[in-house]
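> Here's a sequence, model it:
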Amino acid sequence: MVYLSGYNPESRQLLLLMIILAAWQAGSGQLRYSVPEEAKHGTFVGRIAQDLGLELAELVPRLFRVACKERADLLEVNLQNGILFVNGRIDREELCGRSAECSIHLEVIVDGPLRVFHVEVEVKDINDNPPVFPATWKNLLIAESRPLDSRFPLEGASDADVGANALLTYRLSLSEYFSLDVPPNHGQVKPLGLVLRKPLDREEAPEIYLTLTATDGGKPELTGTLQVLITVLDANDNAPVFDRTLYTVKLPENVSIGTLVTNATASDLDEGVNGDIAYSLSSDISPDVKSKFQIDAVSGEITVIGLLDFEESQSYRIQVEAVDKGSLPLAGHCTVLVEVVDVNDNAPQLTVKTLWLPVKEDAQIGTVIALISVTDLDAGANGQVTCSLLPFDPFKLVLSFKNYYSLVLDSSLDRESVSHYELVVIARDGGSPPLWASATVSVEVADVNDNAPAFAQPEYTVFVKENNPPGSHIFTVCARDADAQENALVSYSLVERRVGERALSSYVSVHAESGKVFALQPLDHEELELLQFQVKFPKWVVWANLHFSMHQLRFSCNLSFRSIALFNAGQSSFLLFKEI
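Presented below is the predicted three-dimensional model:
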């Protein structure tokens, strides 16, 4: 289903352009869709819940959520029907620039059990940018003596779109004097050019107006225009000529300011001032090139005046002009192509997203604790990043998708041994020398009730006189539990039963919190020789047998216990009061 606030032909065209791919790729667990840029709010992208094999009724209980590293507001999921739709304006040029591929990477996370899916939504380019020339007007000064087939370079247009939408064709307005030369590789070797097809006569036509139109390959096609004014001059017979049409130079991006790029040299067959040459950068060159390079007007040496950054631009095309000093100056042109070589000047960047903290000590091996993404702005080996983990026990890193890692549990935990881990994730690139970055993940281990209470010693001996006062304290039972918080709380109580004709609780009592045992009435050896009772606390039981003598009692305690929840067998323990 596609949600549209209205309907118009443009919407239909967008729908026709939209290609939806929803297929699991074997082994990768990746879901792929595509959507055209500038799609309206509510545009259908894919049935993400269905394609991931999730029931709609599970989405809310399992905390279905979508995380996006780029722009979290561009895409949204309707939790009622599991449909992924466009939530905000998607501008492919703003999102990916001139990159041939453009995708929005989503992470879909559900709990119970925890699963992480990777979804890639390709943003399809539409023809929403017309060709643009660096300037709207171009002035050319051409001597009437220039020979036929002379070529005059023009700066071509640029288009912010990609693919066929950025494939430009050029058309020149009808002219008897000039034709348009469009080389197959005009973007680098040499630019567009006007070619003189008929001799100029200043007296007949002192000025010539031309219109250059650039048309892209989109549907519908978009155009841009450049107005060219040609002023026909008298004078110079020869224009300056460079020794090469194209100069190619490679510079590392960390080159220092003032570095010589190349020396563009031109010669002029004329003599005197007509052969004196002044060098300059073309007047319609881009501001970015002007901020990075300059040329010496006398020598033609081109030097670096701004910082180069491979991540900002991988090449620069410099148009150089050589003009003689005759009264009717003539010009020659060449292109200097500067290729910027990447150096390892960007350290990896780590992003850690914790999913399951604290971690219970009975968590299963393979539990995903955190997601870690790593990026490096450099290219080639300089941008290839590997991650390692310190310490590696009891955790490990698993490469899940491209530069995404999962921090998972690799062996069992025991809070009573280690309750806190400080893990360091180290990302190192493949540059020489390599650069690295690190991130710390704090993992707290949460307690579960996996430890039985334990007594300080297996046997206790206590002497008590008979005929004691009612309520006297005769012994204290004490157990310790290695667990934490409520799992370590121990309470004591008696298991009620009959002793002769009387209830056990009429003879003794145990304080629930302190474990103190009290005699509730005077004890008489002649009346009661053996008193057996149970002292218990949650999930654990201690048995106590008591014997009384006339003068005093010996209280002996052999204590052991069993876990109802965790152990299959155990032993009973006895509290024994024996006559002395």
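
> does residue 49 sit in a helix, a strand or a coil?
helix (DSSP: H, G, I helix; E, B strand; the rest coil).

> Give me the distance between it and residue 71.
According to Cβ to Cβ, to the nearest Å, residue 49 and residue 71 sit 22 Å apart. Where you see a C-beta, it was placed from the backbone N, CA and C, and this is true even at glycine.

> mind checking the end-to-end distance for stretch 139-147?
Counting by Cα to Cα, to the nearest Å, you get 20 Å between the two ends of stretch 139-147.

> pLDDT (mean, whole number) over it?
In this model, stretch 139-147 has a mean pLDDT of 88.

> Pull the residues that contact it.
Applying Cβ atoms under 8 Å, 6 or more residues apart in numbering, the contact partners of stretch 139-147 are 150, 152, 194, 196, 199-202, 228-237, 239, 328-331.

> Point out the ones among those residues that are inside strands.
Members of the contacts of stretch 139-147 lying in strands (criterion: DSSP state E): 152, 194, 196, 228-233, 331.

> Just give me the least confident of the residues you listed.
Least confident entry in the ones in strands among the contacts of stretch 139-147, by pLDDT: residue 233, with 82.

> Now that residue. Nearest residue, chain neighbours left out?
Leaving aside its chain neighbours, residue 233 sits nearest to residue 328 (4.2 Å; criterion: Cβ to Cβ, 6 or more residues apart in numbering).

> Could you count how many residues lie near that neighbour?
17 (other Cβ atoms under 10 Å).

> related to what we said a few turns ago, filter the contacts of stretch 139-147 down to the buried ones.
Buried members of the contacts of stretch 139-147, counted by 16 or more other Cβ atoms under 10 Å: 150, 152, 194, 196, 200, 202, 228, 230, 232-233, 235-236, 239, 328-331.

> what's near enough to touch residue 414?
361, 445.

> how far away is it from residue 509?
From residue 414 to residue 509 the distance is 37 Å (Cβ to Cβ).

> And the pLDDT at residue 87?
The model reports residue 87 with a pLDDT of 87.

> again with residue 325
For residue 325, pLDDT reads 89.

> State the distance from it to residue 143.
From residue 325 across to residue 143, the span is 14 Å (Cβ to Cβ).

> out of those two, which sits in the busier spot?
Remark: of residue 325 and residue 143, residue 143 carries more neighbours, 21 against 15, as counted by other Cβ under 10 Å.

> who does the more buried one bridge with?
Taking DSSP bridges as the rule, residue 143 bridges to residue 233.

> And for residue 445?
If you apply DSSP bridges, the partners that residue 445 bridges to are residue 359.

> where does the residue nearest to residue 233 fall, phi/psi-wise?
phi -120, psi 80 (degrees, to the nearest 10).

> what's the answer for residue 286, then?
The phi/psi pair for residue 286 (degrees, to the nearest 10) is phi -70, psi 150.

> now it, nearest residue through space, not along the chain?
Residue 286's closest residue in space is residue 134 (Cβ to Cβ, 6+ apart), at 6.2 Å.

> Next: residue 448.
Nearest non-adjacent residue to residue 448, counting by Cβ to Cβ, 6+ apart: residue 362, 4.8 Å away.

> Surely that neighbour touches residue 447?
No: using Cβ atoms under 8 Å, residue 362 is not in contact with residue 447; the gap is 9.7 Å.

> Can you pull the poorly scored residue ranges out of the protein?
Residue ranges of the chain with pLDDT under 70: 1-29, 70, 72, 185-190, 234-237, 458-464, 526, 528-580.

> where exactly do the helices run in it?
Here the chain has its helices, by DSSP state H, at 9-17, 48-51, 92-96, 287-292.

> List the contacts of the shortest one.
I take that to be helix 48-51. 22, 24, 31, 33, 55-56, 59, 64, 77, 81-84, 108, 119.

> Mind giving me the PyMOL command for buried ones among those?
Here is the PyMOL command that selects the buried residues among these (16+ other Cβ under 10 Å):
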select buried, resi 22+31+33+59+64+77+82+83+84+108+119
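
> Among the contacts of helix 48-51, name the ones in strands.
Among the contacts of helix 48-51, the subset assigned to strands under DSSP E consists of 31, 33, 77, 83-84, 108, 119.

> and these as CSV, adding distance to residue 387?
As requested, the ones in strands among the contacts of helix 48-51 are exported to CSV (distance: Cβ to Cβ, whole Å):
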residue, distance to residue 387
31, 24
33, 28
77, 29
83, 35
84, 29
108, 22
119, 22
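
> and of those residues, the nearest to residue 157?
Closest approach between these and residue 157, by Cβ to Cβ: residue 33, at 32.9 Å.

> So what sits opposite the residue nearest to the closest one when sequence neighbours are not counted in the bridge?
Leaving aside its sequence neighbours, residue 33 sits nearest to residue 46 (Cβ to Cβ, 6+ apart; 4.2 Å). Beta-bridge pairing of residue 46 under DSSP bridges involves residue 84.

> Make 24 the starting number, not 1.
Got it, the first residue is 24 from now on, which makes the last one we talked about residue 69.

> hang on, isn't residue 69 packed against residue 98?
No: using Cβ under 8 Å, residue 69 is not in contact with residue 98, being 9.9 Å away.

> Overlap in contacts, those two.
residue 107.

> for residue 196, what are its contacts?
Each residue near residue 196 by Cβ under 8 Å, 6+ apart is listed here: 233-236.

> neighbour-wise, which of residue 72 and residue 94 wins?
Between residue 72 and residue 94, counting by other Cβ under 10 Å, residue 72 is the more crowded of the two (22 against 15).
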